[in-house]
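In: Pasting the sequence and the predicted model now:
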Amino acid sequence: MKILIDILHPADINFFKNAINVLNKRGVDSTIIMRPRGKMIEILKSELPNMQFTPVGKYYTSTSGKLFGIATRNLNLILFLRKNNFDLCTSYGFFVGIASRFYRTPSVIFADDYEYKSTFYLSKFCGDYFVIPSCILATGKNILKYKGFKELAYLHPNYFKPDRKVLEQYGIAPNNYVFIREVSRASLNYKNMQPMDLPEVIRSLNYSGLDVVLSLEDKTRADSLKDKCIILEEPVDDIFSLMHFALFTISSGDSMARESCLVGTPTIYTGGRDMVINKELIERGCMFKVDNKQQLNTAIENIIENDIKKETMAIIERAIKHEWMDTTEVILDILTAVANKDEAILGKYKSG
């Protein structure tokens, strides 16, 4: 079996990496293409050191640039597929769904961002199979559903084991620091996001006796903050252990907000997006969506005073044990079933 895997975002590396390793052990020929963005090449080399990858396309920040990038990347991908014969194409995005149609190659598209309507429905239309979490109510003949979150492809206990050693590197102690993630507004997802007043937030947390570990997508802000907190340099060794041992996380990025919750750390989400995929974590009391300074301060006080960290760890442990699926197993199940035309396996995931 020969599979093409298209990597569009750094988060896609985590999503597919365990499945890629298993496929390789099974003797499957996996080819990785990627769209360069930020330090994605470095992250790929770190997470999948034994894999080769081919850059296809370019990442643009402006709206017009993004539209141009979509058009040119699709053309490049069509030409790439023409030179290579694949049994199956997969991605966390619509590109391979479009290009593979020219050669009648089956495509499996994964998604979870229902609110990003244009990409969601384009992926649904283009993919032969469209795989989403069961909390998303979309239906269709090509839709497959699973219980849980995409992040459990790498944060399920089958793969993630928190390691205290990472704390020594930064001179911090468990539950005595706050992890903060601030994303760039260059992404269309966050174009309307109001940035946090980071200096004030960090100063307030320091005053409460808490250290701050900061992950910044926009590194131009680093110089003004470097004396007030620990600023991470990507790729970070064992970033999820840093989240796990934090007292809580403040994140404007929705993926990292969910990641923090799923490793047992309560999260204050400041990204401003109302997302179906986040709703379950909010309802369970693991994630707190805030839209202004007052709500942020209230959420911080609540987490500290009511030991929400302990509650979150218990809630997540129960859900993973009894409700949510190992998403890597879902990926492997579906890819293998599509390649082998195994309708019995695919039937387990049919949305009806």
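Out: Received the coordinates, thanks.
In: A helix includes Gln295, no?
Out: Yes: counting by DSSP: H, G, I helix; E, B strand; the rest coil, one finds Gln295 located in a helix.
In: Near it, how many other residues are there?
Out: When neighbours are defined as other Cβ atoms under 10 Å, Gln295 has 14 of them. Every C-beta, even on glycine, is put in place using the N, C-alpha and C of the backbone.
In: again with the one 10 residues further on
Out: Residues lying near Glu305 (other Cβ under 10 Å) number 8.
In: Show the pLDDT at it.
Out: What the model reports for Glu305 is a pLDDT of 95.
In: show me what contacts Phe80?
Out: Counting by Cβ atoms under 8 Å, 6 or more residues apart in numbering, Phe80 makes contact with 33, 54, 56, 99.
In: Alpha carbons only: can I get the helix or strand hosting it in PDB?
Out: Secondary structure from DSSP states H and E places Phe80 in helix 63-83. Taking C-alpha atoms only, helix 63-83 is exported to PDB below (Å, rounded to 0.1, in the frame of the first residue of the first chain):
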ATOM      1  CA  THR A  63      -6.000  37.100   2.300                       C
ATOM      2  CA  SER A  64      -5.100  37.600  -1.400                       C
ATOM      3  CA  GLY A  65      -1.900  35.700  -0.800                       C
ATOM      4  CA  LYS A  66      -3.800  32.800   0.700                       C
ATOM      5  CA  LEU A  67      -6.100  32.600  -2.300                       C
ATOM      6  CA  PHE A  68      -3.100  32.700  -4.700                       C
ATOM      7  CA  GLY A  69      -1.400  30.000  -2.600                       C
ATOM      8  CA  ILE A  70      -4.500  27.700  -2.700                       C
ATOM      9  CA  ALA A  71      -4.600  28.000  -6.500                       C
ATOM     10  CA  THR A  72      -0.800  27.400  -7.100                       C
ATOM     11  CA  ARG A  73      -0.500  24.600  -4.500                       C
ATOM     12  CA  ASN A  74      -3.400  22.700  -6.100                       C
ATOM     13  CA  LEU A  75      -1.700  22.900  -9.500                       C
ATOM     14  CA  ASN A  76       1.600  21.800  -8.000                       C
ATOM     15  CA  LEU A  77      -0.100  18.900  -6.100                       C
ATOM     16  CA  ILE A  78      -1.900  17.800  -9.300                       C
ATOM     17  CA  LEU A  79       1.500  17.600 -11.000                       C
ATOM     18  CA  PHE A  80       3.000  15.800  -8.100                       C
ATOM     19  CA  LEU A  81       0.300  13.100  -8.100                       C
ATOM     20  CA  ARG A  82       0.800  12.700 -11.900                       C
ATOM     21  CA  LYS A  83       4.400  11.700 -11.300                       C
END
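In: could you say what helices and strands the helix or strand following it packs with?
Out: Sequence-wise, the next helix or strand downstream of helix 63-83 (DSSP H and E) is strand 88-91. In terms of contacts (3 or more Cβ pairs under 8 Å, 6 or more residues apart in numbering; DSSP states H and E), strand 88-91 is packed against strand 2-7, helix 95-101, strand 107-110, helix 327-340.
In: Outside of strand 88-91 itself, list whatever touches it.
Out: The contact list for strand 88-91 (Cβ under 8 Å, 6+ apart) reads 1-8, 12, 16, 81, 96-97, 99-100, 105-110, 335, 338-339.
In: Restricted to buried residues, select the residues you listed in ChimeraX.
Out: Filtering those down to the buried ones (16 or more other Cβ atoms under 10 Å) takes a single ChimeraX command:
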select :3,4,5,6,7,8,12,16,81,96,97,99,100,105,106,107,108,109,110,335,338,339
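In: Now do the residue lying farthest from the centre of the chain against Pro174, distance only.
Out: Farthest-out residue of the chain from its mean C-alpha position, per Cα atoms, centre = their mean: Tyr207, at 31.9 Å. Between Tyr207 and Pro174 the computed distance is 21 Å (Cβ to Cβ, to the nearest Å).
In: that's a helix at Ile250, yeah?
Out: No: under three-state DSSP, Ile250 sits outside any helix and is assigned strand.
In: burial count for it?
Out: Applying other Cβ under 10 Å, I find that Ile250 has 29 neighbouring residues.
In: Contact partners for it?
Out: 178-181, 196, 201, 267-268, 270, 296.
In: same question, Lys341
Out: Contacts of Lys341 (Cβ under 8 Å, 6+ apart): none.
In: same check, this time on Asp211
Out: Contacts of Asp211 by Cβ under 8 Å, 6+ apart are 172, 176-178, 229-230.
In: Report pLDDT for it.
Out: At Asp211, pLDDT is 97.
In: Please tell me how far it sits from Phe288.
Out: From Asp211 to Phe288 the distance is 21 Å (Cβ to Cβ).
In: for Leu48, same thing?
Out: Leu48 is 34 Å from Phe288, by Cβ to Cβ.
In: Which one of those two is surrounded by more residues?
Out: Under the neighbour definition other Cβ under 10 Å, Leu48 and Phe288 were set side by side, and Phe288 has more, 23 against 19.
In: And the average pLDDT for the helix or strand hosting Met243 is what?
Out: Under the criterion of DSSP H and E, Met243 resides in helix 239-244. Per-region confidence: helix 239-244 scores 97 on mean pLDDT.
In: how about the CA coordinates for that helix, as PDB?
Out: The C-alpha trace of helix 239-244 is given here as PDB (Å, rounded to 0.1, in the frame of the first residue of the first chain):
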ATOM      1  CA  ILE A 239       5.900  20.700  25.400                       C
ATOM      2  CA  PHE A 240       3.000  18.600  26.600                       C
ATOM      3  CA  SER A 241       4.700  17.700  29.800                       C
ATOM      4  CA  LEU A 242       5.200  21.500  30.300                       C
ATOM      5  CA  MET A 243       1.400  21.800  29.900                       C
ATOM      6  CA  HIS A 244       0.600  18.800  32.100                       C
END
